[in-house]
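Peer 1: Sharing a model prediction with you, sequence too.
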Amino acid sequence: MGILYDYEDVVLIRQAEKPGDPAEITVNCPDKTGLGCDLCRIILQFGLSITRGDVSTDGKWCYILFWVVGKPNTRWNLLHKRLMEVCPSCSSASGISYYKPEFQQQPKPPDVFLLKFWCYHDRKGLLHDVTEVLCELELTIKRVKVSTAPDGRVMDLFFVTDTRNELHTKKRQEDTIHRLKAVLGDAMMSVEIELSGPEVTACSQGSSFLPPAITEEIFSLELPNERSNGSAASNSLSVTMDNSLSPSHTLIQIICQDHKGLIYDIMRTLKDYNIQTSYGRFSANAKGMCEADLLVMQVDGKKIVDPNKRNALSSRLRMELYRPLRVAVRSRGPDTELLVANPVELSGRGRPLVFYDITLALKLLNIQIFSVEIARHMIQDREWEVYRILLDEGDGFCVPRNKIEEGVRKKLMGWE
């Protein structure tokens, strides 16, 4: 006997009744390993934070409920559409057609477009204003090259992909240029959009070399209990695993300081380790702490018995929750450089809104950006997205380096 299934009911969103209350997002669909990660990434992309969540699945069908808070101008209809796109489909005519990865076609990599524009002059916050427009247009920034000429003119190269797959059309390009002109005003000299060939992309990447001092400073894999800094984040972090409470599942219990994208960090780590979550409950309290209880199993349907696998997963979870992003301010020759790095999912997806938050933090600190390089690097067998930003130390530059690092980290972690 088949189950009546209305595809429109796969994702339901109930908006908050009054300001300050959370909205509710319900997902009811066939299951797949990593679905929770994909949903959390999209929620983070829309600038929302998950305050509470319940996840349950029998391995074939899942039910997920998230309570989220965030921007009052959230585009709920668009969020609904993007969440629907990552949910596995099924056919009600022949009962439930469960998701089977081996039958899924690998999607074609999206085209990369070069967005190039010249400005007569730079101003504080200009790069963030452009980034904000691109995010609103659902253009995903893959790489940025920003440089300032001696005469003060600024050339920006943005390599982007289009979530809507429409940037090859004249209408989409005209809309993008119109939005950019609106935010840049008289400062804009020219703007061009073109499909980026491999030779153009290669010429724009800049140096792929990271000095050893950088890799040692910001890519250390030391765990909190191996440090003696006594920070609040490390002292409040706990990850425990127990196999005694369920015949088929491993219980993972997490207590840690809350931060932006925390549930995403948990779910992406489990996805990278190919771990399935059968049941999960998350909650954050008013004191800034988060608790999570997860019943998980391996893809073979068994609990995690191998102590080496348990230790590896536990260590990775602790590291990802303690340092989901790496931030450092250092000297680069005579200049000051801001470095930010985040791990890339095994699927190749980077963390949402990192560049948006970096540029917003610098705008709030009244710091001007001289140049930007974004590239991916393989470090210690993991792929990282690394942002190298040279700060403009012109007249009036007086922000201490520790204040810059603190301001950027707080914005990225949602600790404003």
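Peer 2: Done, it's in. All values derive from a computational prediction rather than experimental measurement. Numbers count the residues shown, from 1 in each chain.

Peer 1: Secondary structure of residue 115: a strand, I assume?
Peer 2: Yes: Residue 115: assigned to a strand according to DSSP: H, G, I helix; E, B strand; the rest coil.

Peer 1: Distance of residue 320 relative to residue 387?
Peer 2: Using CB to CB, to the nearest Å, we find residue 320 at a distance of 18 Å from residue 387. (C-beta placed from N, C-alpha, C; glycine too.)

Peer 1: Now whatever helix or strand residue 320 lives in: average pLDDT?
Peer 2: Using DSSP states H and E, the element containing residue 320 is helix 307-322. What helix 307-322 shows for mean pLDDT is 95.

Peer 1: Please apply the same query to stretch 361-372.
Peer 2: Per-region confidence: stretch 361-372 scores 90 on mean pLDDT.

Peer 1: Using PDB, write out every CA atom in it.
Peer 2: What follows is stretch 361-372, C-alpha atoms only, in PDB (Å, rounded to 0.1, in the frame of the first residue of the first chain):
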ATOM      1  CA  ALA A 361      33.600  43.200  10.500                       C
ATOM      2  CA  LEU A 362      36.300  45.400   8.800                       C
ATOM      3  CA  LYS A 363      33.600  47.900   7.800                       C
ATOM      4  CA  LEU A 364      32.400  48.200  11.400                       C
ATOM      5  CA  LEU A 365      36.000  48.600  12.500                       C
ATOM      6  CA  ASN A 366      36.400  51.400   9.900                       C
ATOM      7  CA  ILE A 367      39.300  49.600   8.200                       C
ATOM      8  CA  GLN A 368      39.900  49.800   4.500                       C
ATOM      9  CA  ILE A 369      40.900  46.800   2.400                       C
ATOM     10  CA  PHE A 370      43.900  47.100   0.100                       C
ATOM     11  CA  SER A 371      43.900  43.700  -1.600                       C
ATOM     12  CA  VAL A 372      42.300  40.200  -1.200                       C
END
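
Peer 1: Show me the helices in the stretch 301-416 of the chain, by range?
Peer 2: Per DSSP state H, counting those that start in this stretch, the stretch 301-416 of the chain carries helices over the ranges 307-322, 354-364, 401-413.

Peer 1: do the same with the chain
Peer 2: 35-45, 76-86, 126-136, 170-184, 198-204, 212-218, 232-235, 262-272, 307-322, 354-364, 401-413 (DSSP state H).

Peer 1: What is the neighbour count of residue 403?
Peer 2: By the criterion of other CB atoms under 10 Å, residue 403 has 13 neighbours.

Peer 1: meant to ask about residue 172, not that
Peer 2: Look at residue 172: counted by other CB under 10 Å, it has 18 neighbours.

Peer 1: Excluding chain neighbours, give the residue nearest to it in space.
Peer 2: Spatially, and ignoring its direct neighbours in sequence, residue 172 is nearest to residue 166 (4.2 Å; CB to CB, 6 or more residues apart in numbering).

Peer 1: What of residue 280?
Peer 2: Spatial nearest neighbour of residue 280, excluding adjacent residues (CB to CB, 6+ apart): residue 55 at 3.9 Å.

Peer 1: quick revisit: among the helices of the chain, which is nearest residue 251?
Peer 2: Nearest to residue 251, of all these, is helix 307-322, at 11.4 Å by CB to CB.

Peer 1: So for the residue most central in space within the chain, what's the nearest residue that isn't a sequence neighbour?
Peer 2: Nearest residue to the geometric centre of the chain (CA atoms, centre = their mean): residue 351, 2.2 Å. Spatial nearest neighbour of residue 351, chain neighbours left out: residue 342 (4.4 Å); criterion: CB to CB, 6+ apart.

Peer 1: Could you double-check that that neighbour sits in contact with residue 327?
Peer 2: No: the pair residue 342 and residue 327 does not pass the contact test of CB atoms under 8 Å, sitting 9.9 Å apart.

Peer 1: and the two? which has more neighbours close in?
Peer 2: Between residue 342 and residue 327, residue 327 has the larger neighbour count (other CB under 10 Å), namely 24 against 20.
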